[in-house]
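J.: what follows is a predicted structure for the sequence shown.
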Amino acid sequence: MTLSKCILLVEDDCAIVELVIRSLAPQGMADAVVPVPDGNAALNYLRAQGEYHGLRPKSPGVVLLDLKLSGSTGLEVLHEIKHDPELQLIPVVILSASLNDREVTACYRAGANAYVRKPFAFDEFRTALQQTVLFWMTVNLAATATACRTPGLPVRELPLPS
Amino acid sequence: MASKRKPLQILMIEDVPADRTLVDHELHRGGLQFQATCVATRREFLRSLAHHPPDIILSDHGVPAFDGFAALRIVRNKRPRTPFIFVTNNRSEEFAVKSLRDGAADYVLKDRLAELVPAVQRALRLVAQERAAQRQIRRLNAALELRGEERRAAWQQASQEIETFSHSVSHDLRAPLIRISGFAELLRESIGPGLGAKGRHYLETITDSACQMGRMLDDLLAFSALSQTEIHRQPIKLAEVLREVLADLQAETHDRSIDWVIGELPEVWADPALLRQAVGYLVANALKYTRNRPRTRIEIGSRAAGREMIFYIRDNGAGFDMRFAERLFGLFERLHAAADFEGRGVSLAKVRRIIARHGGHTWAEGVPDQGATFCFSLPLGKEPPDDLVKMHPPGGG
């Protein structure tokens, strides 16, 4: 499968990155995965700044965002993306090992488009990843930024959990 | 000359002026600083009681327009702390008993008025002592309240720590599990057919163990969530709960021959979702351990025991040795081999926790290979036993 857009994977655990790539290989989507290790790198990629300045990186069809990152937390990165008029239309899927009701709610309030818990059995993990990425990359019809540039998505201001 | 102390306010019920003068004289003679108001009718009495609350009331018992006992009743009702002394000619024992029983502080005979001042002083001393005791009680209550606050704060802190711990368990411990099972699977796929039976067995054991640990972590989290979750009590019909539970277990029961013996089940105050969970676990448990019986018999019912309701579910299944009766309710405890009856030893621990959160108890009786009876109690009525529900420690099972 050739995809015009990439899958931005924000994950600091390189073993998990490898498992995600291997999970998507059977669908031919492994090449589309762009792994970044933290929130800062993710925002630099999305804004084509810092280490990505002038590289004109492929725009992502979906961001897979781990919550537990070094530096800014996944929730903070999510806030940043959803408050940026240039980025807020990009679908963000939270990929988390945790299943904490409060955290799930906080993510949706901050504008997450989906929340997927990483199953610990690998066959389930692989299926979850494949289904998620297939949906966002091929089934879902993404909004285009040019058609809706003005008023920002009304995202409720909520205190970040400490 | 007005002394610095406020004069004693005395309300007298007396219609004979001579008697009043005598009483006045006696009080002066006894050295009391006082102001007396004298009334002879109910209306005057009520008005005086309301507008000039007296420190003490001296009452003749036989004022024509107003009975002394009626006055006493009014005082006990409106100003229960104000001492009331009969000053009377009545020497009958019956009168003495009735006056004290109705709450008079004392009674003094008019021909022995020398006893009046000591009686007044005694009554006032008692009042002062009672006031002091009340103050002491208020102080102790305040101290208790403070300790309650401290306990609540400690409880809140403990809850917060559990929350943090749960979060860490659910996230930090799961990530390595995902890696273990993921790479074991990738290893199996990359070696492929070259992997012998032994190698496959090794890898399967790794994968299964990782999955088992993952499930245990999930169970642990679900279990600890039971201590955290808020309980929303409302009246629910246990029979209704059981009906829902049985409907949910239809898949398990439809092709088995089961004699259900279902008795009276009352209405209880409980959290509907949690109670349904508990009853569901108990019924599923009975179904599981009877499934090798040619004919299953499950009895469910309840009985009242004082201010509690006891729910029971009796089966004719595999039963258990009473020596292990308490272990049944421990988290991850299993009395039967996994090969005979699958399970992770979680549901009964959850039942115990749910019932404990409602202020009830859980216990079981069994005979190996004969069957088991599981019981729980729930307090009847709306008011939860506050301390039990609030102070139930988050840890123990």
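T.: Received, thanks. Numbers count the residues shown, from 1 in each chain, chains lettered A, B, ... in the order given.

J.: please make it C-alpha for all contacts and neighbour counts, starting now.
T.: Will do.

J.: for chain A, which spans come out with low pLDDT?
T.: Low-confidence segments of chain A (pLDDT under 70): A:1-2, A:145-162.

J.: change it to 50
T.: A:147-153, A:155, A:162 (pLDDT under 50).

J.: middle-most residue in it, spatially?
T.: A:Val63 (2.1 Å; CA atoms, centre = their mean).

J.: quick one, longest strand in chain A?
T.: strand A:60-66 (DSSP state E).

J.: B:Ile231: what's it in contact with?
T.: Applying CA atoms under 8 Å, 6 or more residues apart in numbering or on different chains to B:Ile231 gives the contacts B:270-271, B:357.

J.: ok so, going back, list the strands paired with the longest strand of chain A, with their directions.
T.: Strand pairing for strand A:60-66, determined by DSSP bridges: strand A:6-10 (parallel), strand A:92-96 (parallel).

J.: got a list of contacts for the last one?
T.: Contacts with strand A:92-96, where a contact means CA under 8 Å, 6+ apart, come from A:62-68, A:78, A:107, A:112-118, B:171.

J.: quick one, helices of the stretch 151-300 of chain B?
T.: Listed in chain order, the helices of the stretch 151-300 of chain B (DSSP state H, counting those that start in this stretch) span B:174-191, B:197-228, B:238-248, B:250-253, B:272-289.

J.: again, but for chain A
T.: A:14-24, A:39-47, A:74-83, A:101-109, A:122-134 (DSSP state H).

J.: what's the last one in contact with?
T.: Counting by CA under 8 Å, 6+ apart, the neighbours of helix A:122-134 from elsewhere in the structure are A:20, A:23-24, A:27, A:62, A:116, A:118-119, B:178, B:181-182, B:185.

J.: hey, what's the residue nearest to the centre of chain A bridged with?
T.: Beta-bridge partners of A:Val63, as defined by DSSP bridges: A:Leu8, A:Val92.

J.: for it, which residues are in contact?
T.: Per CA under 8 Å, 6+ apart, neighbours of A:Val63: A:7-10, A:90-93.

J.: isn't B:Thr373 up against B:Ala318?
T.: No: between B:Thr373 and B:Ala318 there is no contact under CA atoms under 8 Å: 11.2 Å.

J.: reformat the strands paired with strand A:60-66 as TSV; add mean neighbour count.
T.: Output for these, formatted as TSV (neighbours: other CA atoms under 10 Å in any protein chain shown):
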stretch	mean neighbour count
strand A:6-10	24
strand A:92-96	24
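
J.: format those as JSON lines; extra columns: distance to B:Leu11.
T.: Formatted as JSON lines, these follow (distance: least, CA to CA, whole Å):
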{"stretch": "strand A:6-10", "distance to B:Leu11": "87"}
{"stretch": "strand A:92-96", "distance to B:Leu11": "80"}
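
J.: give me the neighbour count for residue 97.
T.: In the absence of a named chain, this looks at chain A. A:Ala97 has 23 neighbours, counted by other CA atoms under 10 Å in any protein chain shown.

J.: please go with chain B instead
T.: Neighbour count for B:Val97, taken as other CA under 10 Å: 11.

J.: can you read off the pLDDT for it?
T.: Looking at B:Val97, its pLDDT is 88.

J.: which of the three states applies to it?
T.: Of the three states, B:Val97 takes helix under DSSP: H, G, I helix; E, B strand; the rest coil.

J.: and it, how far from chain A?
T.: Computed with CA to the nearest CA, to the nearest Å, the distance linking B:Val97 and chain A is 69 Å.

J.: kindly report the same for B:His25.
T.: To chain A, B:His25 is 78 Å away according to CA to the nearest CA.

J.: contacting residues for that residue?
T.: B:His25 touches nothing, counting by CA under 8 Å, 6+ apart.

J.: helix or strand: which one has it?
T.: Counting by DSSP states H and E, the element that carries B:His25 is helix B:17-29.

J.: same thing with B:Gly366?
T.: strand B:362-367.

J.: show the pLDDT at B:Gln121.
T.: B:Gln121 is given a pLDDT of 92.

J.: quick one: it is in a helix?
T.: Yes: the assignment for B:Gln121, made by three-state DSSP, places it in a helix.

J.: how deep is it tucked in, by neighbour count?
T.: B:Gln121 has 12 nearby residues by other CA under 10 Å.

J.: so how far is chain A from it?
T.: Counting by CA to the nearest CA - B:Gln121 and chain A are separated by 66 Å.

J.: go on, B:Gly192?
T.: For B:Gly192, the distance to chain A - CA to the nearest CA - is 16 Å.

J.: got it, and B:Phe165?
T.: Distance from B:Phe165 to chain A, by CA to the nearest CA: 12 Å.

J.: over to B:Ala40?
T.: 73 Å.

J.: and the strands in the stretch 1-150 of chain B?
T.: Per DSSP state E, counting those that start in this stretch, the stretch 1-150 of chain B carries strands over the ranges B:8-13, B:34-39, B:56-59, B:62-63, B:66-67, B:84-88, B:106-109.

J.: list the buried residues in the last one.
T.: Counting neighbours by 16 or more other CA atoms under 10 Å in any protein chain shown, one finds that the buried residues in strand B:106-109 are B:106-109.

J.: give me the neighbour count for B:Cys211.
T.: B:Cys211, neighbours per other CA under 10 Å, totals 20.

J.: again, but for B:Tyr289
T.: So B:Tyr289, with other CA under 10 Å, has 21 neighbours.

J.: kindly report the same for the one 10 residues further on.
T.: B:Glu299 is flanked by 16 other residues according to other CA under 10 Å.

J.: equivalent analysis for A:Pro35, please.
T.: Around A:Pro35 there are 20 other residues, counting by other CA under 10 Å.

J.: for it, which non-adjacent residue is closest in space?
T.: Nearest residue to A:Pro35 in three dimensions, chain neighbours excluded: A:Leu9, at 4.6 Å (CA to CA, 6 or more residues apart in numbering or on different chains).

J.: quick check: that neighbour vs chain B, distance?
T.: Counting by CA to the nearest CA, the gap from A:Leu9 to chain B is 16 Å.

J.: likewise for A:Val116?
T.: In terms of CA to the nearest CA, A:Val116 sits 13 Å off from chain B.

J.: show me what contacts A:Ser4?
T.: A:Lys58.

J.: flag the shaky bits of chain B, pLDDT-wise.
T.: Short version for chain B, where the test is pLDDT under 50: B:1-3, B:386-397.

J.: not counting residues beside it along the chain, what's closest to residue 104?
T.: Just going to use chain A. Closest to A:Val104 by CA to CA, 6+ apart is A:Tyr115, at 7.0 Å.

J.: let's do chain B instead
T.: B:Phe84 (5.1 Å).

J.: does the one you found have beta-bridge partners, and which?
T.: Here B:Phe84, judged by DSSP bridges, has bridge partners B:Ile57.

J.: what's around it, how many residues?
T.: 27.

J.: repeat that for A:Pro85.
T.: Neighbours around A:Pro85, by other CA under 10 Å: 16.

J.: quick check on it: phi, psi?
T.: Note on A:Pro85: its backbone torsions stand at phi -60, psi -30 [degrees, to the nearest 10].

J.: how far away is A:Glu51 from B:Asp255?
T.: Distance of A:Glu51 to B:Asp255, given as CA to CA, to the nearest Å: 65 Å.

J.: whoops, I mixed them up, A:Tyr108
T.: 44 Å.

J.: higher neighbour count, those two?
T.: Between A:Tyr108 and B:Asp255, counting by other CA under 10 Å, A:Tyr108 is the more crowded of the two (15 against 8).

J.: can you pull the contacts of the more buried one?
T.: With CA under 8 Å, 6+ apart, A:Tyr108 has these contacts: A:114-115.
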